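Student: Make a model of this:
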Amino acid sequence: MDEKKVIELEGVSIYHSGESLRNSHRGELVLSEVNLSVGGGELVYLIGKVGSGKSTLLKTLYGEVPLKTGKGRIVGFDLRRLRRSRIPYLRRKIGIVFQDHQLLTDRDVFRNLHYVMKATGWRDETLIRRRIAEVLELVGLHNKEYKMPFELSGGEQQRLAIARAVVNSPAVILADEPTGNLDPAAADEIMRLFATIVAGGCSIVMSTHNINVVEDYPARTLLFSQGRIEEIDVAALG
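Tutor: The predicted model follows:
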C-alpha cells in the first residue's frame, strides 16, 4: 500500500453490527468491493441516499466500526489491526466534524479548544494559547473566544467544531454532513473554509446530501448505491 496516501482501502467489505470492536461476528453487509485512495490536500465527496453506507464508511475510518475484510490504512494506522486501545491515538492524528457539532456546552469557545488540546497531549500553555489564536483566526472566530456555544449561530458553532478538528494539524478531516443543519449562506461559509484548509495540504472526506455544495465546489465525488461505490462526474448530477 502507498504510504504517501492519507487513506487507502483495497478490496474492503464493510459490515455494520452496532457492536464494539470486541465482537467477532461480521453483522450486516453495508458496502463491498471498496477500493479508495485519498492523497494529501484532496477534497472527496461521498454522496448517496440515507442508509447507503456513507456514515458507516466514515465510522470505519475513525475506528468506530471495525474493518474485518480487505486492507485499510489511514494516516499510518492499519485498520485491520486497530486495537480499541489505539483508537484515541488515531483520533489525535485526524479531525472529525459531525452534523450536530458535538461541542462542550458548559464552556466557552476558548475552553472547548483548550480541553481538546490538553486531552491530546499539549502541556505548554503559551503554545496552547498561540495555537488556539491561530485556529480561531482561521475559522473567523478570533473575536468570540469567550462566547458560549449557545451564543453562537449554527454556522459559527460548526466553524468552532472545525477549529477543534484542525487544532492538532491533522493530515485528514472526516466530515459527516457538516452543512446538513445550515442555511445556504452558512453552508457556503463552511465550504469556503474547507477550501482554505484543503489548500493548506489537509485532505477532507465529506459526506453530503447538498448537491449545490458539490456543484459550487467541485471535487472528486463518490456515489454510494446498492452497496457499491462509484466515482462519478459532478456534471452528471445535473
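Student: And the helices in this protein?
Tutor: According to DSSP state H, the chain carries its helices in the segments 54-61, 87-91, 109-119, 125-139, 154-166, 184-199, 211-216.
Student: Kindly state the beta-bridge partners for the residue most central in space within the chain.
Tutor: Centroid check for the chain by C-alpha atoms, centre = their mean gives Leu174 as the closest residue, at 1.4 Å. Using DSSP bridges, the bridge partners assigned to Leu174 are Ile96, Val205.
Student: show me the contacts for it.
Tutor: Leu174 sits next to 58, 61-62, 94-97, 205 when contact means C-beta atoms under 8 Å, 6 or more residues apart in numbering. Where C-beta positions appear, they are placed from N, C-alpha and C, glycine not excepted.
Student: same check, this time on Leu46
Tutor: Contacts for Leu46 (C-beta under 8 Å, 6+ apart) come out as 54, 57-58, 205-208, 222, 224.
Student: Show me how to select, in ChimeraX, the buried members of these.
Tutor: If you want just the buried ones from the contacts of Leu46 in ChimeraX, going by 16 or more other C-beta atoms under 10 Å, the selection is:
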select :54,57,58,205,206,207,208,222,224
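Student: right, and the helices of the chain - which one's nearest Glu231?
Tutor: helix 211-216 (12.9 Å; C-beta to C-beta).
Student: what comes into contact with the closest one?
Tutor: 45, 47, 179, 184, 187-188, 191, 208, 221, 234, 237-238.
Student: Now with 10 Å, please.
Tutor: Residues outside helix 211-216 that contact it (C-beta atoms under 10 Å, 6 or more residues apart in numbering): 45, 47, 178-179, 184, 187-188, 190-192, 194, 206, 208, 210, 221, 234-235, 237-238.
Student: Done for today, thanks.
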